[in-house]
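[1] How does the following fold in three dimensions:
(one chain, ligands or ions: 1)
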Amino acid sequence: MFDPNYKFTCVDRFLKYVKYDTQSNEDSTTFPSDPKQLELSKALVVELKGIGLKDAEMDEYGYVMATLPSNTSKNVPTIGFIAHVDTSPAVTGTNVNPVIHKNYQGGDIVLPKDPTKIIDAASNPELKEMIGLDIITTDGTTLLGADDKAGVAEIMDAMNYLINHPEVKHGTIRICFTPDEEVGRGTEKFDVKKYGAKYAYTIDGSTRGEVETETFSADAVVIKFNGKNVHPGYAKNKMINAVKIASRFLEMLPKNSLSPETTDEREGYVHPTSIKSDETLAAIKFIIRDFDASKLKEYENFLKELAEKTVLQFPGSTMEFEVIEQYRNMKYILDQHSMVEENAIEALNRLGIKPINSAIRGGTDGSRLSYMGLPTPNLFAGGHNFHAFTEYVAIQDMEAVVKMIATLANVWEEKA
Ligand SMILES: [Zn+2]
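    Numbers count the residues shown, from 1 in each chain. Reported below is the predicted structural model:
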């Protein structure tokens, strides 16, 4: 049972972490994408050592790793907890000023420094479940960074709890705080072997109870149309304009299906994300998504046939078609290690939290890690409205995550 008298530290830690601007940069080719992330990572190493995780260290890329040693004679698999320190490039993370709304009583929350920014009850139905809770928002001028500094603070507090409660038995626990998750590069330099965990959990989900074990499977496709450019003054019967080939092709895509704007739940899509063109060459980039990896091939064949059909309408033009594999649904891996999910659900049940099993219409660091040999579902961290001025998190939800992590560590020990 979780000590009812425990004095949580996650909120104080969180309020400190959000003061570090750790916005990652999509256009950067360095690693980490912006070195300012390292300032928080360095501070986390000091903090981890301070609570007793003596081997805490940051590597040359900015990954922080640390060990909480086992306190049991049982042979328990090493499990990991992972969160990311960076925040989204979408909204500024400079000078974050958190505001605590104590004992929320329903209705809209107007953000004090910019009254046009409102967390309105109508479009935030989860607020209905949060009456009486203490909610942290921004002042309206930045994002909050609960994604994923809430996760960082919760993991830190759970380690603090376990160190101060040696009667709670657990195996070896490994911590990792990564840079650059928001720009899709959080696992790029992740040393799975050095990390040494058999299974892990990212603490990067949203609503209380969320256990995410499914992500999209994802490919990228690049289609190139080759036209023929001649001086427009003398182009009659000679020019083949690639701009027009590309437009014709895009116009033939389905209008009411197979796109992000016409699908939800378990439906997949083909989605053109950019087009670069002159008369000679048009290059169109697509992302292809579905929960079922075999469907990707189907979508790709569909696009290829459509492109072939298009060039037939422009005699003399040609096309090139390239598929780039991105990531796969982590469910294929997690199904082979069912106790990873089962133990998480067991921990939630013990705490009286209703598990919500949801599928992510996107990828997570966990989906990549699962295919790098580290099965890693995603658990809730409590934040809402990620990547927006209206981001918020309830203090009591953060504390629930601390309890979940500590309980989950104990469940693994009991089941070993
Ligand atoms: Zn996140």
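[2] Please make it C-alpha for all contacts and neighbour counts, starting now.
    OK.
[3] So Ile136, which state does it fall into?
    At Ile136 the chain is in strand, as set by DSSP: H, G, I helix; E, B strand; the rest coil.
[4] repeat for Glu212
    Taking three-state DSSP as the rule, one finds Glu212 in the strand state.
[5] tally of neighbours for it?
    Using other CA atoms under 10 Å, Glu212 has 26 other residues around it.
[6] Which parts of the stretch 251-400 of the chain are helices?
    Here the stretch 251-400 of the chain has its helices, by DSSP state H, counting those that start in this stretch, at 293-312, 331-334, 338-350, 365-371, 395-415.
[7] Helix 395-415 and the third one, what's the angle between them?
    Counting by axes from the mean of the first three to the mean of the last three CA atoms, to 10 degrees, helix 338-350 lies at 130 degrees to helix 395-415.
[8] what do you get for the first one?
    Taking the same axes, to 10 degrees, helix 293-312 and helix 395-415 form an angle of 120 degrees between their directions.
[9] show me the contacts for the residue nearest the centre of the chain.
    With distances taken as CA atoms, centre = their mean, Thr364 lies nearest the centre of the chain, 4.4 Å away. Applying CA atoms under 8 Å, 6 or more residues apart in numbering, we find Thr364 in contact with 215, 378.
[10] do Val152 as well
    Going by CA under 8 Å, 6+ apart, Val152 touches 14, 82-85, 177, 203.
[11] Ok, Ala246 next?
    Neighbouring residues of Ala246 by CA under 8 Å, 6+ apart: 225, 282, 284.
[12] so the last one makes contact with Ala220?
    The one in question is Ile284. No - in this structure Ile284 lies outside contact range of Ala220 using CA atoms under 8 Å: 10.6 Å.
[13] Tell me the residues of the stretch 101-250 of the chain that contact the ion?
    Within reach of the ion by CA under 5 Å from the ion, the stretch 101-250 of the chain has these residues: 147-148, 204.
[14] can you give me the strands in the stretch 201-350 of the chain?
    Assigned by DSSP state E, counting those that start in this stretch, the strands in the stretch 201-350 of the chain fall at 210-215, 217-226, 269-277, 281-290, 318-327.
[15] winner for burial among the ones you listed?
    Among the strands of the stretch 201-350 of the chain, strand 210-215 has the highest mean neighbour count (mean count of other CA atoms under 10 Å), at a mean of 25.
[16] thinking again about what came up before, switch the strands of the stretch 201-350 of the chain over to JSON lines; also include mean pLDDT.
    Listed next are these as JSON lines, based on pLDDT from 0 to 100:
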{"stretch": "strand 210-215", "mean pLDDT": "96"}
{"stretch": "strand 217-226", "mean pLDDT": "97"}
{"stretch": "strand 269-277", "mean pLDDT": "97"}
{"stretch": "strand 281-290", "mean pLDDT": "97"}
{"stretch": "strand 318-327", "mean pLDDT": "95"}
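[17] any chance of those in JSON lines, with distance to Arg368 too?
    JSON lines is the format used below for the strands of the stretch 201-350 of the chain (distance: least, CA to CA, whole Å):
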{"stretch": "strand 210-215", "distance to Arg368": "10"}
{"stretch": "strand 217-226", "distance to Arg368": "11"}
{"stretch": "strand 269-277", "distance to Arg368": "20"}
{"stretch": "strand 281-290", "distance to Arg368": "15"}
{"stretch": "strand 318-327", "distance to Arg368": "6"}
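[18] Between these, which one is closest to Glu129.
    Among the strands of the stretch 201-350 of the chain, strand 210-215 comes nearest to Glu129, with 14.5 Å by CA to CA.
[19] Which neighbours in the sheet does the closest one have, and how are they oriented?
    According to DSSP bridges, strand 210-215 forms sheet pairs with strand 356-360 (parallel), strand 378-380 (antiparallel).
[20] In this structure, which residue sits furthest out from the middle?
    Here the chain reaches farthest from its C-alpha mean at Tyr234, the gap being 53.0 Å by CA atoms, centre = their mean.
[21] Pull up the gap between that residue and Glu305, please.
    For Tyr234, the distance to Glu305 equals 33 Å [CA to CA, to the nearest Å].
[22] same thing with Lys297?
    12 Å.
[23] what about those two, which has more around it?
    For Lys297 and Glu305, the more surrounded residue by other CA under 10 Å is Lys297, and the numbers stand at 14 against 10.
[24] check contacts around that one.
    Lys297 neighbours (CA under 8 Å, 6+ apart): none.
[25] quick one: it from Val270, how far?
    Counting by CA to CA, the separation of Lys297 from Val270 is 11 Å.
[26] number of nearby residues for the residue of the stretch 301-416 of the chain found nearest the ion?
    Nearest residue of the stretch 301-416 of the chain to the ion: Phe386, at 7.7 Å (CA to the ion). Phe386: 21 surrounding residues under other CA under 10 Å.
[27] Kindly report the same for Asp3.
    Each residue near Asp3 was counted by other CA under 10 Å, and the total is 9.
[28] so what's it scoring on pLDDT?
    Listed pLDDT for Asp3 reads 96.
[29] now swap in Gly363 and tell me
    pLDDT at Gly363 comes out at 85.
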